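In: mind folding the following:
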Amino acid sequence: MKTNRRIALGLVFGLAFGLLAAATGSRALVGVAKGLEPLGTAFGNLVRMVVVPLVAATVFTGVARLGDLRRLGRLGFLTMAFFWSTLLIAIVMGMAVMSLFVPLLTAGAMPMGTTSAEPLPTTADFLVGLIPSNPIDAAAKGALLPLIVFVATFGAAAGALDEKARHVLLDFADAITRVMITIVHWALAVAPIGVFALAASTTAVFGWSMLKSLALLVAAVLIGLVVFYASVYLPAVRFIGGIPASRFAKACVGPVSLAFATTSSAATLPALYESAAELGLSESVSSFVLSLGSAINRTGSALFQGACVVFFAATYGVSLSPTALAGAVLTIFVIAQTVAGVPSAGVVTLAPALTTMGIPLGGLPILLGVDRIPDMVRTATQVTGHLAAATVVERFAGRRGGAT
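Out: Residues are numbered from 1 along each chain as shown. The predicted model follows:
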């Protein structure tokens, strides 16, 4: 909480300084603001530095552990069907809601950074390029989607190994993930300074246009999350789960309050178990579905990332071709399920979807400064999704659907 407040303060002071420099046209203030640019660039590099190893490790562990789900039969199938279907809906909804705000955005209102947009491939080139001839080279070049395909294939093969061999690989990947998360925490510790430098230097150049664009992104995400909850989770609970929407919403109050305070799905598990019991769900179903949901259900992050793809494409003038959108949806679908349980991890792991569409990453670190409120709401949305999934799966599997 304190870290997020410091980051928010860094953003506010940086925006204020940059806007003052832009409004007054003072050479001294503009010079100071531009002088902060290398510091902001270094911070941006620190954030992006962890993307490849963090994505590789989390995707591997997520896919490799699916081997355990196959032994759970019907319960595992029903749970994954709910999570995957709602995840796809969330991605498309995030893109759709943000598209409504595109006419209000200002093109070129975000910094380009060191990565420039590249020509988009044809459909055939895109499909062929999904399979890397050299995954190490793909990682070095920042071609994250082919790398994800390799890591997912590697994880699927590891999931078919005997338990001892699989656990050796999983323990190694978990260790890498913990190391990367530690680096993310270090980056968040210096984020107030980095965000101040980024905001001051970029706002001095782009002025109010960048601030307005960020506000529109946050508004689109919040509206999208509320619409998603009301149009997907509540109807699923009412018409499939057979529980009145008002009763479900009342049961969600405790977990949602924790989600707002902690921005962590895992931290809400004790409250979720109590809510499941309050709704009359069997322990065999709720314990499995809620635990799995805490690990992989990231509909809020998926909606946020879908909106961000459209947002950055519009501000950088990148064409939203069907091929590019399909690549972005596929990337977000995989990445969203492996978002690490740290604040603003949805921002850090957004890079693969952006690079898939050839969108520069220069504006990515600035999102950290405005991510606190969207992070709170998307975590709350995900938590209600865990409970909604348990309600729906209970209806189909019930006590017969225990882990047998």
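In: quick check: what element follows the helix or strand containing Val221 along the chain?
Out: Per DSSP states H and E, Val221 falls inside helix 208-228. Counting by DSSP H and E, the next helix or strand C-terminal to helix 208-228 is helix 234-235.
In: check which helices and strands that next one sits against.
Out: For helix 234-235, the elements it packs on are helix 245-251, judged by 3 or more CB pairs under 8 Å, 6 or more residues apart in numbering; DSSP states H and E. In short, each C-beta sits where N, CA and C put it, glycine included.
In: tell me which strands and helices the helix holding Val221 is in contact with?
Out: Using 3+ CB pairs under 8 Å, 6+ apart: helix 208-228 touches helix 2-24, helix 73-101, helix 163-206, helix 299-316, helix 367-370, helix 372-396.
In: and the longest one with helix 208-228, angle?
Out: The directions of helix 163-206 and helix 208-228 differ by 140 degrees, with axes from the mean of the first three to the mean of the last three CA atoms, to 10 degrees as the criterion.
In: what's in contact with the helix holding Val221?
Out: Residues from elsewhere that reach helix 208-228, judged by CB atoms under 8 Å, 6 or more residues apart in numbering: 15, 19, 22, 89-90, 93-94, 97-98, 100-101, 104-106, 108-110, 202-203, 299-300, 303-304, 307-308, 311, 315, 366-367, 370, 373-374, 377-378, 381.
In: just the buried residues of those residues.
Out: By neighbour count, with 16 or more other CB atoms under 10 Å, the contacts of helix 208-228 hold 15, 19, 22, 89-90, 93-94, 97-98, 101, 105-106, 109-110, 202-203, 299-300, 303-304, 307-308, 311, 315, 366-367, 370, 374, 377-378, 381 as buried.
In: in the helix holding Val221, which residues are buried?
Out: 209-211, 213-214, 216-218, 220-222, 224-225, 228.
In: phi, psi for Thr153 please.
Out: Main-chain torsions, Thr153, degrees, to the nearest 10: phi -60, psi -40.
In: now it: how far from Ala160?
Out: Distance of Thr153 to Ala160, given as CB to CB, to the nearest Å: 11 Å.
In: then Ala302?
Out: Applying CB to CB to Ala302 and Ala160 gives a distance of 27 Å.
In: again, but for Arg27
Out: Separation of Arg27 from Ala160 (CB to CB) stands at 65 Å.
In: again, but for Gly327
Out: Applying CB to CB to Gly327 and Ala160 gives a distance of 27 Å.
In: distance from the helix holding Val221 to the middle of the chain?
Out: Distance, stretch centre to chain centre, for helix 208-228: 15 Å (CA atoms, centre = their mean, to the nearest Å).
In: what stretches of the stretch 201-350 of the chain score poorly on pLDDT?
Out: Screening the stretch 201-350 of the chain residue by residue with the criterion pLDDT under 70, one finds the ranges 202-203, 205-210, 258, 261-263, 266-267, 295, 338-345.
In: that older thread, for Phe288, which of the helices and strands packed on helix 208-228 is the nearest?
Out: Among the helices and strands packed on helix 208-228, the nearest to Phe288 by CB to CB is helix 73-101 (6.2 Å).
In: average pLDDT across the closest one?
Out: In this model, helix 73-101 has a mean pLDDT of 89.
In: ok, stretch 54-64 next?
Out: The average pLDDT for stretch 54-64 rounds to 73.
In: quick check: the nearest residue to Val377 once chain neighbours are set aside vs Ala90, distance?
Out: What sits nearest to Val377 in space, not counting adjacent residues and going by CB to CB, 6 or more residues apart in numbering, is Leu225, at 5.1 Å. From Leu225 across to Ala90, the span is 9 Å (CB to CB).
In: any residues in contact with both of the two?
Out: By CB under 8 Å, 6+ apart, Leu225 and Ala90 have these common neighbours: Gly300, Leu303.
In: which residues touch Ser257?
Out: Not one residue lies near Ser257 by CB under 8 Å, 6+ apart.
In: helix/strand/coil for it?
Out: Following DSSP: H, G, I helix; E, B strand; the rest coil, Ser257 is assigned to helix.
In: list the contacts of Glu200.
Out: Quick fix: residue 200 is Ala, not Glu. For Ala200, the contact set (CB under 8 Å, 6+ apart) comprises Phe13, Gly14, Leu15, Phe17, Gly18, Ala21, Val32, Ala33, Leu36, Gly40.
In: now, of those residues, which are buried?
Out: Taking 16+ other CB under 10 Å as the criterion, what is buried in these is Gly14, Leu15, Phe17, Gly18, Ala21, Ala33, Leu36, Gly40.
In: could you dump those residues into TSV with distance to Pro132 and pLDDT added?
Out: Formatted as TSV, those follow (distance: CB to CB, whole Å; pLDDT from 0 to 100):
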residue	distance to Pro132	pLDDT
Gly14	38	80
Leu15	40	75
Phe17	43	85
Gly18	40	79
Ala21	44	81
Ala33	41	80
Leu36	38	82
Gly40	32	75
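In: wait, which of those is closest to Ile240?
Out: Of all the buried ones among the contacts of Ala200, Ile240 sits closest to Leu15, with 44.9 Å by CB to CB.
In: relative to Leu104, how far out is that closest one?
Out: 19 Å.
In: and Leu161, by the same measure?
Out: Per CB to CB, Leu161 is found 52 Å from Leu104.
In: and for Thr299?
Out: In terms of CB to CB, Thr299 sits 25 Å off from Leu104.
In: and the nearest residue to Ala56 once chain neighbours are set aside, what element?
Out: Using CB to CB, 6+ apart and skipping the chain neighbours, the partner closest in space to Ala56 is Val151 (5.0 Å). Using DSSP H and E, the element containing Val151 is helix 144-159.
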